[in-house]
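Colleague: the amino acid sequence is not available; the structure is as follows:
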């Protein structure tokens, strides 16, 4: 029996959305699923059980960071990532390719792999499809990602899109225009995927996913999807859409690409995103998501709510005794629901949370991260329910912030073969 | 009925140690008690319920810090410190005097009070006995401390004793030798206590404790104890022994001073300390303790164990799969005991904890703080049991690190009147 199985229980008649379950050797997760990011084998500031209590069933770790510290051999000797970090459920690791490109000021890519300067000690680190695969075999996640050549986004033009810009400059320095670089990366990614698959030494325990690239160029996406999906694997991802695109770009690329991936296998949209992005992608047929938004924004005092983010440092919250989101069942908004005794069952107030951020107390980031993670998990639960019931009204009423995502993708369901 | 009642259930025949319970309007705590420090209305990195789950029954907040941010009026309008920070049990606040001296590079003391430069915005802040009392009336703790003139320790001579040194320099600049300064401070503290008591506006809800000073000079301690305890109050503290003294100094001063305080009222030794210090003071008749050691050292990767502190950054722990302290029932050492699901019920290993500290993940400080707080609470539970059973052998066998404290104070019990 393969180490990953995917069953679809419901299909939405108004879109490509599907409700399903992925089974791994470390347990199952319901799809569409949101995976909190535990970069260095820790979801920042939270006990694994607290992450689980938000409803998360699978988390993501970053290969790049664990490769540098503590190193994959150490994690392997400690029994693999699950035991190392004490997360008993499914774990997915990225391949490290994206970070090797985006975090290192200096990197060079050739047909064989990437050489980058370690952000820890400045040493030169070599990554190839074989090395990235071996590292993930040592780390031991349930789902491992192919090592791809992650090209710059053509759509990225704003000054704010630093990573994509840096990358484009690197390409330009090598005398390539962005389109040519994209095509080369796309072809290389296919060859590298073959090499990852060949190097994968634990296929009976770990499942390798391929990654479709192609930037914002739909023809390139089609080409990539066909070639990548011709390589038989337990799941496929859409990469390169979380590098600075607008919502319209994301929706356009995902709407086009997701239906090109095999219907019977889980589809994973890497690094996305906001509620509307997720909703649009779900309706395009995507099953898995990861994003640092809930935890990163939580650490920066930004709390997600169905009508938009609350900036808790704002002075208007100073004496506000209400919770972040009235009715929310997270630890911050409703500690009593978690068996916590507080005076008169009070929530952690916006006023107290603001105080914690203003004085730099860790408990602020912790509480808002817990709220945001619970918010995203509840959003996914309601998305799954909408698919199961074939009724999106309740979701749209409850999450005005996501409405744009609903409207952007309304492809009718196609006949299934 | 007064807002604080103290009952003693057991007395140790071999020392002045007593086992008791303090009752407040927000609940009771068993004595001898250890109070975790929640400086800015948060025990750093921990949910109130997590602090409670370590066995803590009362915590301490710092008036100085809450005075500067968010300010006592705001806390009062939010319902007081208990509701503000969501801690339902008893709370004690210090008066802010010690921090006004030790944290401000610039401060001046006169017979009426202290003026210090805010560490937040550089503004000059005035503290008097009346203001310190009013601030604590606004904050609303169950136990509030008198505003005292906290003199430098005569015993402090080492270069490491920065706070005491700074303070001594200030005194020297005013042309006073340390002994003269100590005597002036001692007399001033008595006059200021009268003023605190007179200013106290909520005596039916909050209990004001007086503070005995006198540095390492036993004659001054005797003088102070007599004058301070002549002012009728629900409890008394010993101040000025956590400013750089050696263990021998602490044991000598506390052994001398504690028995001078009223037998039927709780005695609180401020800012102390290590296990041996606590044990010596318990045997001298002290009932309450507070210290930042468990949380501060926890944030610095130092974990308390019965045989001494473990430095978790040490490379020897890199691949150690054992918990901080085998047999410990804290969240880090035994997550299963807290309803947490981990792979094969594994603890958080020393190797993983080291990794968290090496990469700067918040979860490291959180887990080691939880361990250290539980360690101190369990130590106090075993101290209370030793008193109740009249048998110190189990405690001494289990905590070799504390043995010196046992031997330092072995005064036979005196006849009680």
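Modeller: Here it is on my side, so go on. Predicted model only: the values in this text are computed from it and were never measured. Residues are numbered from 1 along each chain as shown, chains lettered A, B, ... in the order given.

Colleague: which parts of the stretch 1-150 of chain A are strands?
Modeller: A:5-11, A:18-24, A:27-31, A:33-35, A:59-61, A:91-93, A:107-109, A:114-117, A:124-127, A:143-145 (DSSP state E, counting those that start in this stretch).

Colleague: could you give the mean pLDDT of the fifth one?
Modeller: Rounded to a whole number, the mean pLDDT of strand A:59-61 is 98.

Colleague: out of the strands of the stretch 1-150 of chain A, which gets the lowest mean score?
Modeller: strand A:107-109 (a mean of 85).

Colleague: residues of it that come out buried?
Modeller: Residues of strand A:107-109 classed as buried: A:107, A:109 (neighbour count, 16 or more other C-beta atoms under 10 Å in any protein chain shown). Where you see a C-beta, it was placed from the backbone N, CA and C, and this is true even at glycine.

Colleague: who touches that strand?
Modeller: By C-beta atoms under 8 Å, 6 or more residues apart in numbering or on different chains, the surrounding residues in contact with strand A:107-109 are A:100-101, A:114-117, A:149, A:170.

Colleague: any chance of a markdown table for those residues, columns distance to residue B:245?
Modeller: What follows is these, written out as a markdown table (distance: C-beta to C-beta, whole Å):
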| residue | distance to residue B:245 |
| --- | --- |
| A:100 | 54 |
| A:101 | 56 |
| A:114 | 58 |
| A:115 | 57 |
| A:116 | 53 |
| A:117 | 50 |
| A:149 | 64 |
| A:170 | 60 |
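
Colleague: need the max-distance pair from those.
Modeller: Greatest spatial distance in the contacts of strand A:107-109: A:117 and A:149, 18.1 Å, computed using C-beta to C-beta.

Colleague: between these two, which is the more surrounded one?
Modeller: Taking other C-beta atoms under 10 Å in any protein chain shown, residue A:117 and residue A:149 do not tie; residue A:149 has more neighbours (26 against 17).

Colleague: residue A:388 and residue A:20 touch, don't they?
Modeller: No: with contacts counted by C-beta atoms under 8 Å, residue A:388 stays clear of residue A:20, the gap being 10.4 Å.

Colleague: residues that sit against both of those two, list them.
Modeller: A:9-10.

Colleague: tell me which of those two has more neighbours.
Modeller: residue A:20 (20 against 13).

Colleague: tell me the mean pLDDT over the helix or strand containing residue A:185?
Modeller: Assignment of secondary structure by DSSP states H and E places residue A:185 within helix A:178-199. The average pLDDT for helix A:178-199 rounds to 93.

Colleague: in it, what counts as buried?
Modeller: For helix A:178-199, by 16+ other C-beta under 10 Å, it's A:178, A:181-190, A:192-193, A:195-197, A:199.

Colleague: tell me what the helix or strand that that helix is followed by is packed against?
Modeller: For helix A:178-199, the following helix or strand on the C-terminal side (DSSP H and E) is strand A:207-212. Counting contacts by 3 or more C-beta pairs under 8 Å, 6 or more residues apart in numbering or on different chains; DSSP states H and E, strand A:207-212 is packed against strand A:143-145, helix A:178-199, helix A:218-229, strand A:235-238.

Colleague: nearest to residue B:9, of these?
Modeller: strand A:143-145 (58.0 Å).

Colleague: show me what the closest one is in contact with.
Modeller: A:4, A:24, A:63, A:90-95, A:133, A:136-137, A:200, A:206-209, A:211, A:235, A:237, A:270.

Colleague: report the buried members of those.
Modeller: A:4, A:24, A:63, A:90-95, A:133, A:136-137, A:200, A:206-209, A:211, A:235, A:237, A:270.

Colleague: list the contacts of the residue of the stretch 151-300 of chain A found nearest chain B.
Modeller: Residue nearest to chain B within the stretch 151-300 of chain A (C-beta to the nearest C-beta): residue A:299, separated by 9.0 Å. By C-beta under 8 Å, 6+ apart, the residues touching residue A:299 are A:44-45, A:365, A:368-369.

Colleague: out of these, give me the one that has the most neighbours.
Modeller: residue A:368 (31 neighbours).

Colleague: test my guess that it contacts residue A:323.
Modeller: No: using C-beta under 8 Å, residue A:368 is not in contact with residue A:323, being 11.4 Å away.

Colleague: now do the shared contacts for these two.
Modeller: Joint contacts of residue A:368 and residue A:323 (C-beta under 8 Å, 6+ apart) are residue A:332.

Colleague: what's the burial count for the closest residue to chain B within the stretch 51-200 of chain A?
Modeller: Residue nearest to chain B within the stretch 51-200 of chain A (C-beta to the nearest C-beta): residue A:86, separated by 4.2 Å. By other C-beta under 10 Å, 25 other residues sit near residue A:86.

Colleague: so it touches residue B:351, yeah?
Modeller: No: at 11.7 Å, residue A:86 and residue B:351 do not qualify as touching, with contact defined as C-beta under 8 Å.

Colleague: might you list the low-confidence residue ranges for chain A?
Modeller: A:151-175, A:411-417 (pLDDT under 70).

Colleague: report the central residue of it.
Modeller: Nearest to the geometric centre of chain A sits residue A:290, at 1.7 Å (C-alpha atoms, centre = their mean).

Colleague: pretty sure that one is touching residue A:273, no?
Modeller: No: here residue A:290 lies out of contact with residue A:273, judged by C-beta under 8 Å, at a distance of 9.5 Å.

Colleague: who touches both of those two?
Modeller: Common neighbours of residue A:290 and residue A:273 (C-beta under 8 Å, 6+ apart) do not exist.

Colleague: surely residue A:367 is within a strand?
Modeller: No: counting by DSSP: H, G, I helix; E, B strand; the rest coil, one finds residue A:367 to be helix, located in no strand.

Colleague: any idea how far it lies from chain B?
Modeller: 8 Å (C-beta to the nearest C-beta, to the nearest Å).

Colleague: skipping its backbone neighbours, what lies nearest that residue in space?
Modeller: The shortest distance from residue A:367 to any non-neighbouring residue, by C-beta to C-beta, 6 or more residues apart in numbering or on different chains, is to residue A:332 (4.1 Å).

Colleague: number of residues surrounding the one you found?
Modeller: 30.

Colleague: cool, and the one 3 residues further on?
Modeller: Each residue near residue A:335 was counted by other C-beta under 10 Å, and the total is 22.

Colleague: got it, and the one 3 residues further on?
Modeller: Residue A:338 has 15 neighbouring residues, counting by other C-beta under 10 Å.

Colleague: which ones are touching it?
Modeller: A:53, A:331, B:49 are the contacts of residue A:338 under C-beta under 8 Å, 6+ apart.

Colleague: same question, residue A:193
Modeller: Counted by C-beta under 8 Å, 6+ apart, residue A:193 has contacts A:129, A:146, A:148, A:210-211, A:228, A:231.

Colleague: and it, how far is that from residue B:136?
Modeller: The gap separating residue A:193 from residue B:136 is 66 Å, by C-beta to C-beta, to the nearest Å.

Colleague: how about residue A:312?
Modeller: Distance from residue A:312 to residue B:136, by C-beta to C-beta: 27 Å.

Colleague: looking at it, residue A:183 is touching residue A:220, isn't it?
Modeller: Yes: the pair residue A:183 / residue A:220 is scored as a contact, 6.8 Å apart, by C-beta under 8 Å.

Colleague: nearest residue to residue A:51 other than its sequence neighbours?
Modeller: Nearest to residue A:51 is residue A:43, by C-beta to C-beta, 6+ apart, at 4.9 Å.
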